[in-house]
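In: Give me a 3D structure for the following:
(chains A and B)
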Amino acid sequence: MKQINPDVVAAFPITPSTEVPQYFSQFVANGEVDTEFVAVESEHSAMSACIGAAAAGGRVMTATASAGLALMWEMLYVGASMRLPMVLAVTNRALSGPINIHNDHSDSMGARDSGWIQLYGENAQEAYDNLIQAVKIGEHPDVQLPVMVCYDGFITSHAVENLEMLEDAEVKAFVGEERKAPFALIGQDPISMGPLDLPNHYFEHKRLQAEAMRNAKRVILEVAAEYEKLTGRKYGFFEEYKMDDAEAAIVLINSSAGTAKTVVDALRAQGKKVGLIKIRVFRPFPAEEIVEALKNVKAVAIMDKVDGFNAAGGPLFNEVVSAMYGKADGKIVQNYIYGLGGRDVTTYNFETVFNNLFNAIETGKYEVYNYIGVRE
Amino acid sequence: MAKLVEIRWHGRGGQGAKTASLLLAEVAFNTGKYIQGFPEYGPERMGAPITAYNRISDEPITIHSNIYEPDYVVVVDETLIKSVPVTAGLKKDGAVIVNTAKSPEEIKKELNFDGKVYTIDARKISEETLGAYFPNTPMLAAVVKITGVVPVETFLNSIEASFKHKFANKPHVVPKNMEAVKRALEEVKGNE
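Out: Reported below is the predicted structural model:
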């Protein structure tokens, strides 16, 4: 955020996202950025202030987590439907209740249909890289949508680990010195934004919004290709880890994918054909691409760090399975709910999942809807 | 040094175990290692038992769970030995480093561990050099010496730079902290 030097940051602190506005406000106070920092009285107000600033044509960022994101809910939809590119860093944390400050994906998964693009990252490096790319994705003329950059609370947000940074000038050159808004409340051709939109036009506006989300798929890959030229780090809709000849695979999101990779490595060393897919882009959902990546596996475990409480599977499971329907039938597909409220996710958990998958391949018997790491 | 070294810290809130783990990560980072330093956040109050972790490796680290089978355990507050299973999962060829005035032989009797035991009187060192009880600095030095995750000379240069940065507003405490570090390097003793 410091390297991007946005026009406006409006934020309200909440664990474990607090350090983002806290440190950023120090940069503002020290004159290291010339951002207008708006200290607001709630997250609803934070998102409202961001929407106002973005509607005026500014480059806008904020950060939140958990209940803070929940309090933004109403305004998330307003920002997306007004087609305002903004960047929101979400430090994933469980939702109350019971109150819990630790990591799971209940918060951002709850906001999955708000019209925001959602990028997820395994570690600090990916959170950094995603944040820089988010500016360019959201501001693209064919997209004009806000972007959430999600990463795991505490596990990623509060750990010290290696990070390769770009030079300030490289970041500025990549995202552009300032946002070029095609329309705004102020400037040469000011327009009205967010007025009453009754049945004669509302549907068309929603249709255009959906089209922007479809366009985002192309733009996300274009921006990733440009970022790879700059950094050598490759990004796509998801990462395929040792999937080439995999018979059993895990699909999951964020930091636990790193832990699962060590299990994939260990099982590969024993000659077992295992792999994993780590989702980076959840909105727009890369349905066809995931099906293509899973077409050769015999069994797949789709893992959700959130319970959707629909009694039939978590959100990632439902989306992957519906993408597979009619295109990759006849496979063993399991759902695992894991790590809720910061329950530590261990290599042992992933060994169990892979064992279950191989058992299912051998016997044909398995449960679809499972929990792992919970005391029954 | 093995490719991946895993260290688990046990302390009480306010003693700086978390800070020490982050400093160790920083020191190792400065020698080109891949590092992780992270606390296990619980009830954040003074005196509550806390756990912090380090992974230090020559290769990138992707695992993001807590550490259950550490190579080293560091006990910053010896009263924890009675209430927390500090040596749980500790590898047989690993070692435990305890902040205590007792000898390694004495403390070993209190620990459920047959391997190497090291002790350091971080309270005495801290009170004599810093004039107050900040055990994390001497403990950090002892950990560097016993684990060998970075060469001692490199550590001394790196930690001095860290202190100068951390105590930019009170530079007079830097030499005192360095004295605490050097004494800890000499005074940590073991029962192998």
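
In: can you give me phi and psi for residue 5?
Out: Just so you know, I chose chain A. Main-chain torsions, A:Asn5, degrees, to the nearest 10: phi 50, psi 60.

In: Can you look at chain B instead?
Out: According to degrees, to the nearest 10, the main-chain angles of B:Val5 amount to phi -110, psi 130.

In: Which secondary structure element of chain B has the lowest mean pLDDT?
Out: Taking all helices and strands of chain B together, the one with the lowest average confidence (mean pLDDT, DSSP states H and E) is strand B:189-191, at a mean of 89.

In: Once you drop chain neighbours, what's closest to A:Leu131?
Out: Of all residues beyond its chain neighbours, the one nearest A:Leu131 is A:Val149 (4.8 Å), with distances taken as CB to CB, 6 or more residues apart in numbering or on different chains. Bear in mind the C-beta positions are built from the backbone N, C-alpha and C, glycine included.

In: distance of that neighbour from chain B?
Out: Noted for A:Val149: a distance of 18 Å to chain B, by CB to the nearest CB, to the nearest Å.

In: And that residue, what's its pLDDT?
Out: In the prediction, the pLDDT value recorded for A:Val149 is 98.

In: and the most centrally placed residue in chain B, what is it in contact with?
Out: Nearest to the mean C-alpha position of chain B, by CA atoms, centre = their mean, lies B:Leu140 at 4.1 Å. Counting by CB atoms under 8 Å, 6 or more residues apart in numbering or on different chains, B:Leu140 touches B:20, B:23-24, B:159, B:181, B:184.

In: Only the buried residues of the strand or helix carrying A:Tyr348, if you could.
Out: In the assignment (DSSP states H and E), A:Tyr348 maps to helix A:347-363. For helix A:347-363, burial by neighbour count (16 or more other CB atoms under 10 Å in any protein chain shown) applies to A:347, A:349-350, A:352-354, A:356-358, A:360.

In: after that helix, next one along is what?
Out: Counting by DSSP H and E, the element after helix A:347-363 in chain order, helix or strand, is strand A:369-372.

In: Work out for me the element the residue nearest to A:Leu131 sits within.
Out: Under the assignment given by DSSP H and E, the secondary-structure element containing A:Val149 is strand A:147-152.

In: list the helices and strands the helix or strand bottoming out on mean pLDDT in chain A packs on?
Out: Here the helix or strand of chain A ranked lowest by mean pLDDT, DSSP H and E is strand A:160-161, holding a mean of 94. Using 3 or more CB pairs under 8 Å, 6 or more residues apart in numbering or on different chains; DSSP states H and E as the contact criterion, the neighbours of strand A:160-161 among helices and strands are helix B:17-29, strand B:34-40.

In: so what pLDDT did the residue lying closest to B:Asn177 once chain neighbours are set aside get?
Out: When the adjacent residues along the chain are set aside, B:Asn177 lies closest to B:Phe163, with 5.1 Å between them (CB to CB, 6+ apart). Per-residue confidence (pLDDT) for B:Phe163: 91.

In: A:Asp142: what secondary structure?
Out: In three-state terms, and counting by DSSP: H, G, I helix; E, B strand; the rest coil, A:Asp142 is coil.

In: quick one: it and A:Pro85, what's the gap?
Out: If you measure A:Asp142 against A:Pro85 using CB to CB, to the nearest Å, the figure is 12 Å.

In: Tell me which of these two has more neighbours.
Out: When neighbours are counted by other CB atoms under 10 Å in any protein chain shown, A:Pro85 comes out ahead of the other of A:Asp142 and A:Pro85, with 24 against 13.

In: residues contacting the closest residue to that one other than its chain neighbours?
Out: The shortest distance from A:Pro85 to any residue that is not its chain neighbour, by CB to CB, 6+ apart, is 3.4 Å, and that residue is A:Gly138. Contact criterion CB under 8 Å, 6+ apart gives A:85-87, A:117, A:144-147 as the residues in contact with A:Gly138.

In: same thing with A:Phe27?
Out: For A:Phe27, the contact set (CB under 8 Å, 6+ apart) comprises A:2, A:33, A:35.

In: Verify the stated contact: the second one with A:Asp7.
Out: No: look at A:Val33 against A:Asp7 with CB atoms under 8 Å: they stay out of range, at 10.0 Å.

In: and the residue nearest to A:Pro85, helix, strand or coil?
Out: Classification of A:Gly138 by three-state DSSP places it in helix.

In: How about the residues of chain B by chain A?
Out: B:22, B:25-26, B:29, B:34-39, B:41, B:60-66, B:68 (CB under 8 Å from any CB of the partner chain).

In: Just the buried ones from the residues you listed?
Out: Neighbour-count burial within the residues of chain B next to chain A applies to B:22, B:25-26, B:29, B:34-39, B:41, B:61-66; the criterion is 16+ other CB under 10 Å.

In: can you give me the helices in the stretch 251-376 of chain A?
Out: Along the stretch 251-376 of chain A, the stretches classed as helices by DSSP state H, counting those that start in this stretch are A:256-269, A:287-294, A:315-324, A:347-363.

In: Report the separation between B:Lys166 and chain A.
Out: B:Lys166 is 14 Å from chain A, where distance means CB to the nearest CB.

In: What count of nearby residues applies to that residue?
Out: Residue neighbour count, defined by other CB under 10 Å, stands at 15 for B:Lys166.

In: And for A:Thr91?
Out: A:Thr91 is flanked by 31 other residues according to other CB under 10 Å.

In: quick one: what helix or strand has it in it?
Out: Assigning secondary structure by DSSP H and E places A:Thr91 in strand A:87-92.

In: Direction included, what does that strand pair against?
Out: Taking DSSP bridges as the criterion, strand A:87-92 forms sheet pairs with strand A:60-64 (parallel), strand A:147-152 (parallel).

In: Show me what the helix or strand that the shortest one is followed by is packed up against.
Out: Counting by DSSP H and E, the next helix or strand C-terminal to strand A:60-64 is helix A:66-81. Taking 3+ CB pairs under 8 Å, 6+ apart as the contact definition, the neighbouring helices and strands of helix A:66-81 are helix A:43-55, helix A:106-110, helix A:202-231.

In: who wins for proximity to B:Val75 among those?
Out: With CB to CB as the measure, helix A:106-110 is the member of these nearest B:Val75 (35.7 Å).

In: same question for that closest one, mean pLDDT?
Out: Rounded mean pLDDT across helix A:106-110 is 98.

In: Now do it: which elements does it pack against?
Out: Packed against helix A:106-110, as judged by 3+ CB pairs under 8 Å, 6+ apart, are the following elements: helix A:66-81, strand A:87-92.

In: so how far is chain A from B:Tyr72?
Out: Here the criterion is CB to the nearest CB. By it, B:Tyr72 lies 18 Å from chain A.

In: Look up phi and psi at the residue lying closest to that residue once chain neighbours are set aside.
Out: Of all residues beyond its chain neighbours, the one nearest B:Tyr72 is B:Ile7 (4.6 Å), with distances taken as CB to CB, 6+ apart. The main-chain torsion angles of B:Ile7 are listed as degrees, to the nearest 10 and equal phi -130, psi 140.

In: wait, isn't B:Ile7 in contact with B:Ser57?
Out: No: B:Ile7 lies out of contact with B:Ser57 (CB under 8 Å); the separation is 11.8 Å.

In: Please, where are all the strands along chain B?
Out: B:4-12, B:34-40, B:49-57, B:72-75, B:95-99, B:116-120, B:189-191 (DSSP state E).

In: closest one to A:Gly341 among those?
Out: The stretch from these with the least distance to A:Gly341 (CB to CB) is strand B:34-40; that distance is 13.7 Å.

In: other SSEs contacting the closest one?
Out: The elements that strand B:34-40 packs onto, with contact taken as 3+ CB pairs under 8 Å, 6+ apart, are strand A:160-161, helix B:17-29, strand B:49-57.

In: Just give the strands next to that strand in its sheet, each with its orientation.
Out: With DSSP bridges as the test, strand B:34-40 is paired with strand A:160-161 (antiparallel), strand B:49-57 (antiparallel).

In: A:Lys206 - how many residues pack around it?
Out: Count around A:Lys206 with other CB under 10 Å applied: 13.
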